[in-house]
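In: Sequence first, predicted coordinates after that:
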Amino acid sequence: MKKTRNSQQNRPMGEVRVIAGLWRGRKLPVLNAEGLRPTTDRVKETLFNWLMMDIAGSRCLDCFAGSGSLGIESLSRQAQAVTFLEKFANASDQLKKNLVSLKTQNGTVIHTDTLQYLSQKNGGEAFDIVFVDPPFNMGFVPKVLAHLAQNNWLAPNALIYVETEKDHPQLELPDHWIVLKEKTAGQVMGRLIRVM
């Protein structure tokens, strides 16, 4: 049965937990909206173990931000700045509220369609770390990776974290990109890619 917009807005809030850093243990409200799938603590812990030496001082881009879980964890661990891209107004509004409650000036929420946004040439600073964690089974990942590669979004030696369903087709990467880490947890596959 199709859910009405009101039934989505009236659902109870969920929450995400910050694992480590400045806001360790802090729980933040997130919308229980259809398609919003915050990265689990287990997967997040693995990811940030992978990024341990790279996160402090980095400029991060959280594509398909949703709850903002990955970007907020990055800020908590001393990332210099995080840009959050989120298509749904309710989710982007909640994310803005959460950043206000954390009293941080280092997060920027952009209410936008991620694919359209990344299809433009980036005229600003490039990003050191990019999180690509879109809704599953929608075919977004290859398009996002192509836009990142072609439109000046990536700093030299950038890292890209890609989270997909376990049975996602094999990623076709440019020759100078290498998969550093890969892990499956339940139905989720996480990969960390280095742009050489």
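Out: Right, received. Where do you want to start?
In: Quick one: list the elements packing against the host helix or strand of residue 191.
Out: Using DSSP states H and E, residue 191 sits in strand 188-195. Counting contacts by 3 or more Cβ pairs under 8 Å, 6 or more residues apart in numbering; DSSP states H and E, strand 188-195 is packed against helix 41-50, strand 154-165, strand 177-185. No exception for glycine: its C-beta is placed from N, CA and C like everyone else's.
In: That strand pairs with which strands?
Out: Paired with strand 188-195 in the same sheet, following DSSP bridges, are strand 154-165 (antiparallel), strand 177-185 (antiparallel).
In: Spit out the contact partners of the closest residue to residue 133 other than its chain neighbours.
Out: Counting by Cβ to Cβ, 6 or more residues apart in numbering, residue 133 lies nearest to residue 163, which is 4.1 Å off, once chain neighbours are set aside. With contact set as Cβ atoms under 8 Å, 6 or more residues apart in numbering, residue 163 has these partners: 39, 43, 131, 132, 133, 188, 189, 190, 191.
In: Relative to residue 54, how far out is the first one?
Out: With distances taken as Cβ to Cβ, to the nearest Å, residue 39 is found 18 Å from residue 54.
In: more neighbours, these two?
Out: Counting neighbours by other Cβ atoms under 10 Å for residue 39 and for residue 54 shows that residue 39 has the greater number, 23 against 16.
In: Name the SS class of the more buried one, please.
Out: coil (DSSP: H, G, I helix; E, B strand; the rest coil).
In: Which pLDDT does the model give residue 11?
Out: For residue 11, the pLDDT comes out at 49.
In: still on that earlier bit, residues of the strand holding residue 191 that come out buried?
Out: Buried residues in strand 188-195, counted by 16 or more other Cβ atoms under 10 Å: 188, 189, 190, 191, 192, 193, 195.
In: ok, now stretch 129-147?
Out: By neighbour count on 16+ other Cβ under 10 Å, the buried set for stretch 129-147 is 129, 130, 131, 132, 133, 134, 136, 140, 141, 144, 145, 147.
In: And for stretch 76-96?
Out: In terms of neighbour count (16+ other Cβ under 10 Å), stretch 76-96 has its buried residues at 76-77, 79, 81-88, 91-92, 94-96.
In: Just the ones in helices from those, please.
Out: The helices, defined by DSSP state H, take in 76, 91, 92, 94, 95, 96 from those.
In: Mind checking which of the buried residues of stretch 129-147 land in strands?
Out: 129, 130, 131, 132 (DSSP state E).
In: picking that back up, send me the strand holding residue 191 as CSV with only the CA atoms.
Out: Output of strand 188-195 as CSV, limited to C-alpha atoms (Å, rounded to 0.1, in the frame of the first residue of the first chain):
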residue,chain,number,x,y,z
VAL,A,188,25.6,-4.6,2.9
MET,A,189,28.9,-4.3,1.1
GLY,A,190,31.4,-1.5,1.9
ARG,A,191,34.4,-0.6,-0.2
LEU,A,192,37.1,2.0,0.4
ILE,A,193,38.6,3.3,-2.9
ARG,A,194,41.8,5.4,-3.3
VAL,A,195,42.1,7.8,-6.2
